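Novice: from the sequence below, what's the structure:
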Amino acid sequence: QVQLVESGGGLVQAGDSLRLSCAASGRSFASSAMGWFRQSPGKERDVVAGISWNGRTTYYADSVKGRFTISRDSAKNTVYLQMNSLKPEDTAVYYCAPVYMDGDKRPSRVPYVDWGQGTQVTVSS
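Specialist: Coordinates of the predicted model:
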């Protein structure tokens, strides 16, 4: 069973940067595509970025394209989300999860893996 621990969130001002980390346990991490999701109050949890198992393919939601960068370090079983030029609308709880990736389609979460606790990102204007 994969366990996920997100960290790196915080309170920042608009225009600042943050780097989120997701530490994953389990031998399947190296062979799993991974994604970052976010959920703000009153909204559904949605994917913002995805990365293939080998790091060669990435996906970004239009709302974060050009500002966020997803990466992974399989030796550390960790996936990262570098967030630059943060906006108040980026305020949310951020989660990572294994995903299915299919070309340039929006990644979908692997359903049988529990969510981690998430990490809160708050961007003030």
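Novice: now do the contacts for Leu86.
Specialist: 12, 14-18, 67, 121, 123 (CB atoms under 8 Å, 6 or more residues apart in numbering). (C-beta placed from N, C-alpha, C; glycine too.)
Novice: how about Val2?
Specialist: Counting by CB under 8 Å, 6+ apart, Val2 touches 24-26, 28-29, 32, 98, 113.
Novice: re the thing from before, now flag whichever of the contacts of Leu86 is closest to Ala92.
Specialist: Of all the contacts of Leu86, Val121 has the smallest distance to Ala92: 6.1 Å, by CB to CB.
Novice: who wins for neighbours among the contacts of Leu86?
Specialist: Using other CB atoms under 10 Å as the neighbour criterion, Val121 leads these with 22 neighbours.
Novice: which of the three states applies to the closest residue to Leu4 other than its chain neighbours?
Specialist: Nearest residue to Leu4, sequence neighbours excluded (CB to CB, 6 or more residues apart in numbering): Gly116, at 3.7 Å. At Gly116 the chain is in coil, as set by DSSP: H, G, I helix; E, B strand; the rest coil.
Novice: and stretch 46-55, what's buried?
Specialist: 47-53 (16 or more other CB atoms under 10 Å).
Novice: tell me which of these fall in strands.
Specialist: 47-51 (DSSP state E).
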